[in-house]
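> coordinates only, sequence not included:
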């Protein structure tokens, strides 16, 4: 079993930055993909960014150029640096662990509880 735990959410003004972290406990996730999804109230969960074991990354069009995903294989951790935040980035952000880098949430096996990001205008 793998248990992802997110941290780093909070309240920020539009144009500001936040850094989210995810620590995966239970067993090593070195050969897994780690990703961030987000879900705003009344909306479906959507993919934001993902990174596989070799460092290949995938971003949604809505965050490309503003968010940067990275991971530390040895520490079993992942981070999401979010810059130029917009009010529409407000959501509960989830860390997910799976086998492949895809945008489909059904492809991920393990999920954290989420961390709230709120961007004020």
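All right, it came through fine. This structure is a prediction, so every number in the text was calculated from the model and none was measured. Residues are numbered from 1 along each chain as shown.
> look at the residue most central in space within the chain and report its pLDDT.
In the chain, the residue lying closest to the centroid (CA atoms, centre = their mean) is residue 36, at 2.2 Å. Confidence at residue 36, expressed as pLDDT, is 98.
> over to residue 8?
On the pLDDT scale, residue 8 is placed at 96.
> list the contacts of the host helix or strand of the residue nearest to the centre of the chain.
Take DSSP states H and E as the rule and residue 36 turns out to sit in strand 33-39. The contact list for strand 33-39 (CB atoms under 8 Å, 6 or more residues apart in numbering) reads 4, 20, 22, 24, 45-53, 69, 71, 78, 80, 89, 91-101, 105, 108, 114, 117. Backbone N, C-alpha and C define where each C-beta goes, glycine included.
> beta partners of the residue nearest to the centre of the chain?
With DSSP bridges applied, residue 36 shows beta-bridge pairing to residue 49, residue 95.
> check which residues of the strand holding residue 36 are buried.
Using 16 or more other CB atoms under 10 Å as the test for burial, strand 33-39 gives 33, 34, 35, 36, 37, 38.
> closest to residue 14 among those?
In terms of CB to CB, no member of those lies closer to residue 14 than residue 38, at 16.5 Å.
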